[in-house]
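In: coordinates only, sequence not included:
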């Protein structure tokens, strides 16, 4: 590990210092450098802290045998502390592992009284020996021979050891990753993101950063945030009194992207298989547990591929990333299964162990009509399915994730490929038990005439999208893709119920704190 | 590979179809399903295209032996075509590999005349046999037995086989990834991004998505883009006539982030080692080859670490990602070395094979004063070094990347840790030959009083940054971090001279095309 590295070994010194000091780097010469003065020259500045090699708590737990009966040097924060007259215990968390390590200290410490008086979240450096633990609940502990106090935390630290409401924790979003729940959420968030990159990388997909600031609206719908450098107080106006956007930074009106798909397709035409993974924005005034104004989205696009290949890709991806997180984060997932969503493992294993269902929209409507269940929103062919319908299909009928395909064209975006029936498009939504829609995608319209005619029908001007229609002029090709909301996937994997609790600093209506 | 998958094998059918059709999935039964009708039921819709297994061009080049004398099925685009009376050649690119494969066709093809008349960028499906090549320039070629034309590209396709200026190619940013240069640039961009995630993941760093929309300004400087849903035409005003930002989407004025560092530090306090990798924005009206309004940045932050650990991390990272790209993209890198920056390999190997230099700002100024070189901008202690100074240090004095540390506090940000001299801060800039500054970082001020006093000196109100100062209240800890401009790194690795040419759809003053 690289933090607070020890002063280099002599061979390393020889290798590294020699060119700096312009010497031959012989062993004898370098050995002489090991006094303080030489260290200063090596670092080119005052040496402030050259401690022993730091042992990470993760390594203590994962490779306990290696450390048993050896001295270790730890740095981290006091998560819990309790003391008796002559000894005490610190649960030390160093950020590298879900659990903290138990540090035992006694009145042999020169600063015993100060240590015993430490508050939650104080930062310390601990030297001690790893020993088998006597107590229940852990297999080892660290007997401290020295505890240096970096800082005794202010007693007003809000995360004292009691339960806090999720609402309260959102108000201290800068501190909440120090709690069990959020440490688990945000470590899994990181691992999930890596799983996604790894999955696509293994299949040679090219990662594309589509623009965040955009002059167009990918869906032809969706509320957008305006991006501007004009002075709101006194914006430049044209003669007719309207805003003169030509004087804005980009010389025209620009917004935050709602989807990278259209741009992504252009790269699909060059690299065959591509994906985006970046922030997207919706200026919708929805105060629900599933909507945020700023969220991350993954949008793969595959060439010479149809809707079936698209569904296979989506299914493979979902299974791959769930499996990866379960393997990489066993402690965190166990915590979620026990305290956040009872039955989480059953839910996820059900996804892993089944082939996803596939049903057309028309068949799905039939199922809903015939199931005998009373829905709040009436069912008929042509409706945009409500959450209750989606959940019935996934949870009660299929009892596993199911792709619904071939939706009516009127409830889907203009770029989806029209079926031969002239009524439906090659759309697919993946509905999952417990959450509903988690992926939306389609095969794209690759026929220039049909695409342009559809654009006109929905009120778009094809000439404004010439970069997009060009793809149908210069070697058009069957292609398909989908969008996965990263946070929604994270909610699904962790069982967290509110999108505000899976985003480090969530942005929602009236809230852009931190 | 997953595109245009073949119809499933019988064992797979048994496994997958059985639950759908509610049969036992015996082999005999499934075999009977292999007629068209069964396929339709399997896919739940009309089967449109169930071709043979697609072979990717990358596999042809990387595993040639495996394919020799076998039939393959290819799909892709015509990059070049030339024909004689009875036969012809197509250079077929399918997006998976830098090079295209040579496809030979002759008048045994039923549609020989149509194929011979194909235009650049036409999309085709090729069935053929891989054979050793007679011609120079390639070791194998594909003898086509069948070529299906998906679309003959419009003859106005702008990328005919001649040299195009970079400026022209920027105007067709949706098509330029189909050229050699940009196919190389954007594949390397993808691989470089993956290398960064891989490097940090291997060291257990937690990836953090810091917010894009922000209410604060990380640097206390830098022009920002405003994000708003207010109607610019008629914004709501308060009684005194000023804009009523409380009616904006977030209830206050918000901007696009210029850095995720301050937010990142809060996660560093929980996870020890973290990094961000996301888009950042500058509304600076700089029309240079090195500035874009939207670019991606990597910002690691490490706990219980000082400036030395920070430099070691930066050096390890730079070497790791360069090495990874050179290993993963040999064809692209060879192209850059030959056609984009002669001597690129020498430059990169020089980085890989040397320990980076380390020098304090004060020493660096001394070097510049004593070197006898005439600079346009005069040198004296306290100046913000100009590009000419940085390049002299890296290119002529050290002849390798060099960290300059401990800059005067007045030219650096408020959050950098003050040295004991009271004049300098623990900043570090990494200067590299051929590009100048590529990384900027520092150890952070972890002392609450010093931090607040410095904030006041530069005109910031500590109470508005309480989430940041809280980190110094509740278990403060030595920590450090840096920022790497992703595009600048990409320019360095590829030799590309203009940032507009390493961003898929660049955003610069007066330009937000596509």
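Out: Sure, I can see it. Owing to the predicted nature of the structure, the values given are computational and were not obtained by experimental measurement.

In: shaky segments in the stretch 151-300 of chain A?
Out: Residues of the stretch 151-300 of chain A meeting the criterion pLDDT under 70: A:217-222.

In: Tell me where it has helices.
Out: A:166-171, A:180-202, A:261-271 (DSSP state H, counting those that start in this stretch).

In: residues touching the closest residue to chain B within the stretch 201-350 of chain A, list them.
Out: Going by C-beta to the nearest C-beta, chain B is nearest to residue A:272 of the stretch 201-350 of chain A, at 3.2 Å. C-beta here means a position set from N, CA and C on the backbone, and glycine is covered the same way. Contacts for residue A:272 (C-beta atoms under 8 Å, 6 or more residues apart in numbering or on different chains) come out as A:302-304, B:3, B:56, B:76, B:94-96.

In: between those, which has the most around it?
Out: residue B:76 (30 neighbours; other C-beta atoms under 10 Å in any protein chain shown).

In: Can you tell me the closest non-neighbouring residue to the residue nearest to the spatial centre of chain A?
Out: With distances taken as C-alpha atoms, centre = their mean, the residue of chain A nearest its centroid is residue A:189 (3.7 Å). Nearest non-adjacent residue to residue A:189, counting by C-beta to C-beta, 6 or more residues apart in numbering or on different chains: residue A:490, 5.6 Å away.

In: measure that neighbour to residue B:58 for me?
Out: 32 Å (C-beta to C-beta, to the nearest Å).

In: again, but for residue A:151
Out: 54 Å.

In: Who has more neighbours out of these two?
Out: residue A:151 (21 against 18).

In: can you tell me which residues contact the residue lying closest to that one once chain neighbours are set aside?
Out: Once flanking residues are discounted, residue A:151 sits nearest to residue B:476: 4.6 Å by C-beta to C-beta, 6+ apart. Counting by C-beta under 8 Å, 6+ apart, residue B:476 touches A:123, A:150-151, B:446-448.

In: let's go with 10 Å and repeat that
Out: Applying C-beta atoms under 10 Å, 6 or more residues apart in numbering or on different chains, we find residue B:476 in contact with A:121-123, A:150-151, A:153-154, B:269, B:444-448, B:451, B:469-470.

In: For the residue lying closest to residue A:184 once chain neighbours are set aside, give me phi and psi.
Out: Once flanking residues are discounted, residue A:184 sits nearest to residue A:332: 3.9 Å by C-beta to C-beta, 6+ apart. With angles defined as degrees, to the nearest 10, residue A:332 sits at phi -70, psi -40.

In: How about residue A:422?
Out: Residue torsions, per degrees, to the nearest 10, at residue A:422 are phi 70, psi 0.

In: next one: the one 3 residues further on
Out: The phi/psi pair for residue A:425 (degrees, to the nearest 10) reads phi -120, psi 160.

In: Who is it paired with across the strands?
Out: residue A:407, residue A:418 (DSSP bridges).

In: Give me the pLDDT for it.
Out: At residue A:425, the model reports a pLDDT of 98.

In: My understanding was that it contacts residue A:416; is that so?
Out: Yes. At 3.8 Å, residue A:425 counts as touching residue A:416 under the criterion of C-beta atoms under 10 Å.

In: Who has more neighbours out of these two?
Out: Neighbour count, other C-beta under 10 Å: between residue A:425 and residue A:416, residue A:425 has more, with 28 against 24.

In: How much space separates the more buried one from chain B?
Out: 12 Å (C-beta to the nearest C-beta, to the nearest Å).

In: And for residue A:162?
Out: To chain B, residue A:162 is 16 Å away according to C-beta to the nearest C-beta.

In: Could you list the buried residues of stretch A:383-395?
Out: Of the residues in stretch A:383-395, A:385, A:388-395 count as buried by neighbour count, 16 or more other C-beta atoms under 10 Å in any protein chain shown.

In: List of residues touching that stretch?
Out: Contacts of stretch A:383-395 (C-beta under 10 Å, 6+ apart): A:290, A:356-357, A:359, A:361, A:364-365, A:367-368, A:371, A:373-379, A:397-402, A:404, A:407-408, A:410-412, A:429-438.

In: cutoff 6 Å now
Out: Here stretch A:383-395 makes contact (C-beta atoms under 6 Å, 6 or more residues apart in numbering or on different chains) with A:364, A:368, A:375, A:377, A:402, A:411, A:431-433, A:436-437.

In: Buried ones among these?
Out: For the contacts of stretch A:383-395, buried by 16+ other C-beta under 10 Å: A:364, A:368, A:402, A:431-433, A:436-437.

In: out of these, who's nearest residue A:168?
Out: Using C-beta to C-beta, residue A:436 comes nearest to residue A:168 of those, at 28.4 Å.

In: Excluding sequence neighbours, find me the nearest residue to the closest one.
Out: For residue A:436, the spatially nearest residue (C-beta to C-beta, 6+ apart) is residue A:390, at 4.3 Å.

In: The one you found is in what secondary structure piece?
Out: Element membership for residue A:390 (DSSP states H and E) is helix A:387-391.

In: Near chain B, which residues of the stretch 401-514 of chain A are found?
Out: Taking C-beta under 6 Å from any C-beta of the partner chain as the contact definition, the stretch 401-514 of chain A meets chain B at A:406, A:467, A:473-477, A:504-505, A:507, A:510, A:512, A:514.

In: My read is that residue A:499 contacts residue A:487, right?
Out: Yes. Counting by C-beta atoms under 6 Å, residue A:499 does reach residue A:487; the two are 5.2 Å apart.

In: Need the pLDDT of residue A:1.
Out: For residue A:1, the pLDDT comes out at 34.

In: try residue A:514
Out: Reading off the model, residue A:514 has pLDDT 89.

In: Could you do residue A:27 as well?
Out: 41.

In: Now residue A:138. Nearest residue, chain neighbours left out?
Out: residue A:102 (5.4 Å).

In: which SSE is the one you found in?
Out: Residue A:102 belongs to strand A:101-106, assigned by DSSP H and E.

In: Could you list every helix and strand in contact with that strand?
Out: For strand A:101-106, the packing partners by 3 or more C-beta pairs under 6 Å, 6 or more residues apart in numbering or on different chains; DSSP states H and E come out as strand A:87-93, strand A:140-151.

In: The longest one pairs with which strands, parallel or anti?
Out: Strand A:140-151 has its sheet partners listed here by DSSP bridges as strand A:101-106 (parallel), strand A:123-132 (antiparallel).

In: what domains does the record give for chain A?
Out: Split into domains by the TED database, chain A comes to A:57-151, A:177-233+A:242-501.

In: list the contacts for the residue in the stretch 1-150 of chain A that chain B sits nearest to?
Out: At 3.2 Å from chain B, residue A:95 is the closest residue in the stretch 1-150 of chain A, using C-beta to the nearest C-beta. Residues near residue A:95 by C-beta under 6 Å, 6+ apart: B:270-272.

In: what's the answer for residue A:428, then?
Out: Each residue near residue A:428 by C-beta under 6 Å, 6+ apart is listed here: A:307, A:311, A:403, A:405, A:441.

In: Looking at those, which are in helices?
Out: A:307, A:311 (DSSP state H).

In: Residue A:327: which element?
Out: Short version, using DSSP H and E: residue A:327 is in helix A:307-328.

In: in that helix, what counts as buried?
Out: Those would be A:307-315, A:317-322, A:324-326, A:328, for helix A:307-328 by 16+ other C-beta under 10 Å.

In: residues near the closest residue to residue A:116 other than its chain neighbours, how many?
Out: Closest residue to residue A:116 apart from its sequence neighbours, by C-beta to C-beta, 6+ apart: residue A:83 at 4.1 Å. Counted with other C-beta under 10 Å, residues neighbouring residue A:83 total 18.

In: from what I can see residue A:83 touches residue A:115, true?
Out: No. If you go by C-beta under 6 Å, residue A:83 and residue A:115 don't touch, sitting 8.1 Å apart.

In: Tell me which of the helices of the stretch 151-300 of chain A sits most buried.
Out: helix A:261-271 (a mean of 26; mean count of other C-beta atoms under 10 Å in any protein chain shown).

In: closest to residue B:166 out of the helices of the stretch 151-300 of chain A?
Out: Nearest of the helices of the stretch 151-300 of chain A to residue B:166, taken as C-beta to C-beta: helix A:261-271 at 17.0 Å.
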